[in-house]
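*Asks:* Compute the structure for the input listed below.
(2 chains)
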Amino acid sequence: MTPTLLLQLVINGLIFGGLLALVALGLALIFGVMRLVNFAHGIFVTLGAYATYLLVANLKLSPLAGIPVSALIGAAIGLVVQELVIRRLDNRPDLEKLMVTYALAIIGLGFFSATFGGDFRSYSAGPRGNIAFLGATIGWRNLVVLGVCAIAGLATILMVDRSRVGLGLRALAQNRDAAATSGVNVNLLQRYAFGLASALAAVSGSLISMIGTTTPQVGEEWLLSSFVVVVIGGMGSIGGAIAAGIAVGLVQSFASYFTDDGWARITIFMLLYVVLVLRPRGILGRGLPI
Amino acid sequence: MPKVEIFGRNLSRRSALGLIAGAATAATPLALRAAEPIKIGVALSLTGRFADSALRIQDGYKLWADELNAQGGLAGSQVQLIIYDDESNPDTGRVLAERLISRDGVSIILGPYSSPISDAVATACERAQVPLIATIASDASIWARRNLTWSFQAFPSSDYDHEAFMEIITKYDKSKPKLAIVFEETPFSVGAKNYAVKRAKELSIPVDTYGYAPGAQDFSSIVEHIIASGATTVSMGGYLQPAIALTRVMIDRAYNPLGYHFILAAEDVTNSALGANANGVFGRSAWELGTHNPMNPPFIKAFQAKFNRAPTYHSAVAYAGGQLIAAAIKAQGPDRTKVRDFLASQKVPTVLGDYKVNEKGQQTGYQYLLTQWQEGKRNIVGEGYDAKVLWPKPKWA
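*Replies:* Okay, the predicted model is just below:
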């Protein structure tokens, strides 16, 4: 293997891993704060993808404009879902919560299928060209993906670690009852967490539409891999989700080069198994604190 | 009660009226049977992931049936299409085929959309001994791995998916550049790859093959392998969505092949998905508006008059399927066995070309056209067509 090929595989892995991490970030946030395994997370990815597609196809805007628009739409709809559905599950058994989020996922899939049909959507607009870096090549679209993932990840970590809101989220993640007793507005913070997670998912969908294709199932396809990332990183750990996402992306890149895509997926699940056996709480699993 | 004498017997008027009514009823079915329509069953993906394409197939079937009925139908009967929604699901397609046969009593089944659903429907047709015209099943392995005697492939075989492109390579680059064939691990794509490898050997084209699992999202490794191998021509034999994903990776990676072909590039969505980067990309097509076929102009005119838009190849292959039924019934009548024998043995001109199958029911008559996107327009290239081939492919925009 030449150094150039090595670098290229690393770059490819970082792009895929960055997107995985962004999807997983929202999942980890929701689990950390609300102790909710959110099967409906994938529909926000799909939402962001279609929102960007519609902006490009109908309004002839650049897909870059789709990134903030998707974030806003994802956050808005996330807030509505949180208020109308999720909040009412507060004192329900975990299995019930799981089933409700699964039902939401099915409803979302049906909505997108009915609205957009089964065929995939794609667009050619967006950043063009590529740059050479130490012999490797990276397209401008992929650079945008990397950049947005890095900024979103860093911003989320800083918000959780340094802001008052983040302090509240960490308190909730550590002990919900104690946080409530201490005056933390639990409902408000849960709303915030769900909205933020949905926004992150929608942004990842926007980026996926830029480098791939959009179908009603696109969110679900990324969701399974994201669950693996969250478990490997540690349920509820934001830093863990990011680290695990990148790790899984790199494993995927190298494994699929030296074997094939099928064996790469098996390798990732083997990695999950090893982590669960050796460190069941995940690489950085100890709750929302980074 | 007054008496009536019928056949030497005195009957009351009531009895006589009853007798006359009974005779009329007995006679009526005979009269109705003579006018009973010829029922043709269709399980079609009116919803689900194949809906966009399948609805265009429905247009082709309906045009054919309406046209035929306006001309008086077939063998003195009108043609009646019975169409059910298979929801883009093979199992549902098979169940619907069984329903069409056992409950609706159809004489023939016209093909569903896609090879997997055609494969499933063929199972029902073989069991019930009802002819199936698989109008849009390119996967020749359906007939290769089973002994189908009632099902006939009415679409160009997927075995030839890469052939026209390979012939272009030998014509436009005498150095015989290395070809990378990317294929999906599904029967039709594997079959096409196997045939292409054999053909490449005959044409002295060095070839490497790269497979991916259905549903694969990441093609960066395949592209790295292609680059590392030194291949300068690429032919992708999978579905449209992974083909677009593969193309995107090649663009981002600044890998510019001399020639690039993917089998479904002739679909209009290629142009919207790739924009200027579609320029120079080859595709294969069963039918185009500009196909040199004397049956084409009246078909296109009739389609445009009915639907107010130009037909796509989906509608053309559907119409061709109908033409086969018409030819069979005109020659042999609506008897299922005779229709089957006709389809198995005869050469029939249609809008797609000359239909002909081999002893296994695989299509040997229809051939693919080679197309190339040129400045936003899809042109048929090759012998007999005016458009010049763009070679090498322009660099990615």
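
*Asks:* Residue B:256 in helix, strand or coil?
*Replies:* Secondary structure assignment for residue B:256 (DSSP: H, G, I helix; E, B strand; the rest coil): coil.

*Asks:* Find the nearest non-adjacent residue to it, please.
*Replies:* Of all residues not flanking residue B:256 in the chain, residue B:395 sits nearest, at 4.8 Å (C-beta to C-beta, 6 or more residues apart in numbering or on different chains). Where you see a C-beta, it was placed from the backbone N, CA and C, and this is true even at glycine.

*Asks:* Tell me how many other residues surround that neighbour.
*Replies:* Residue B:395: 11 surrounding residues under other C-beta atoms under 10 Å in any protein chain shown.

*Asks:* How about residue A:73?
*Replies:* Using other C-beta under 10 Å, residue A:73 has 21 neighbouring residues.

*Asks:* name the helices or strands packed onto the helix or strand containing residue B:302?
*Replies:* Using DSSP states H and E, residue B:302 sits within helix B:296-307. Counting contacts by 3 or more C-beta pairs under 8 Å, 6 or more residues apart in numbering or on different chains; DSSP states H and E, helix B:296-307 is packed against helix B:51-70, helix B:313-332.

*Asks:* Dump those to a markdown table, plus mean pLDDT.
*Replies:* Shown next, in a markdown table, are the helices and strands packed on helix B:296-307 (pLDDT from 0 to 100):
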| stretch | mean pLDDT |
| --- | --- |
| helix B:51-70 | 95 |
| helix B:313-332 | 97 |
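
*Asks:* Of those helices, which stretch is the most buried?
*Replies:* Scoring those by mean neighbour count under mean count of other C-beta atoms under 10 Å in any protein chain shown gives helix B:313-332 as the most buried, with a mean of 24.

*Asks:* Are there helices or strands packed against the helix or strand that it is followed by, and which ones?
*Replies:* Using DSSP H and E, the next helix or strand after helix B:313-332 towards the C-terminus is helix B:336-345. For helix B:336-345, the elements it packs on are helix B:313-332, judged by 3+ C-beta pairs under 8 Å, 6+ apart.

*Asks:* same thing but 10 Å
*Replies:* In terms of contacts (3 or more C-beta pairs under 10 Å, 6 or more residues apart in numbering or on different chains; DSSP states H and E), helix B:336-345 is packed against strand B:108-110, strand B:132-134, strand B:151-153, helix B:313-332.

*Asks:* so can I have a markdown table of these showing distance to residue B:81?
*Replies:* As requested, the helices and strands packed on helix B:336-345 are exported to a markdown table (distance: least, C-beta to C-beta, whole Å):
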| stretch | distance to residue B:81 |
| --- | --- |
| strand B:108-110 | 8 |
| strand B:132-134 | 13 |
| strand B:151-153 | 19 |
| helix B:313-332 | 9 |
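
*Asks:* what's the closest of those to residue A:232?
*Replies:* Each of the helices and strands packed on helix B:336-345 was scored for nearness to residue A:232 using C-beta to C-beta, and the closest is helix B:313-332 (44.6 Å).

*Asks:* okay, the closest one in CSV with CA atoms only?
*Replies:* Taking Å, rounded to 0.1, in the frame of the first residue of the first chain, the C-alpha atoms of helix B:313-332 are listed here in CSV:
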residue,chain,number,x,y,z
TYR,B,313,-39.3,3.0,-23.4
HIS,B,314,-41.5,1.6,-20.6
SER,B,315,-44.6,2.4,-22.6
ALA,B,316,-43.0,1.1,-25.8
VAL,B,317,-42.1,-2.3,-24.3
ALA,B,318,-45.6,-2.6,-22.9
TYR,B,319,-47.1,-1.8,-26.3
ALA,B,320,-44.9,-4.3,-27.9
GLY,B,321,-46.1,-6.9,-25.4
GLY,B,322,-49.6,-6.2,-26.5
GLN,B,323,-48.6,-6.5,-30.1
LEU,B,324,-47.4,-10.0,-29.3
ILE,B,325,-50.7,-11.0,-27.9
ALA,B,326,-52.5,-9.6,-30.9
ALA,B,327,-50.3,-11.5,-33.3
ALA,B,328,-50.7,-14.7,-31.4
ILE,B,329,-54.5,-14.5,-31.1
LYS,B,330,-54.9,-13.4,-34.7
ALA,B,331,-52.9,-16.4,-35.8
GLN,B,332,-54.1,-19.1,-33.4
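
*Asks:* JSON lines for the helices and strands packed on helix B:336-345, including distance to chain A?
*Replies:* Output for these, formatted as JSON lines (distance: least, C-beta to the nearest C-beta, whole Å):
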{"stretch": "strand B:108-110", "distance to chain A": "21"}
{"stretch": "strand B:132-134", "distance to chain A": "21"}
{"stretch": "strand B:151-153", "distance to chain A": "24"}
{"stretch": "helix B:313-332", "distance to chain A": "12"}
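
*Asks:* what is the rounded mean pLDDT of stretch B:379-392?
*Replies:* Rounded to a whole number, the mean pLDDT of stretch B:379-392 is 93.

*Asks:* can you check stretch B:190-203 too?
*Replies:* 96.
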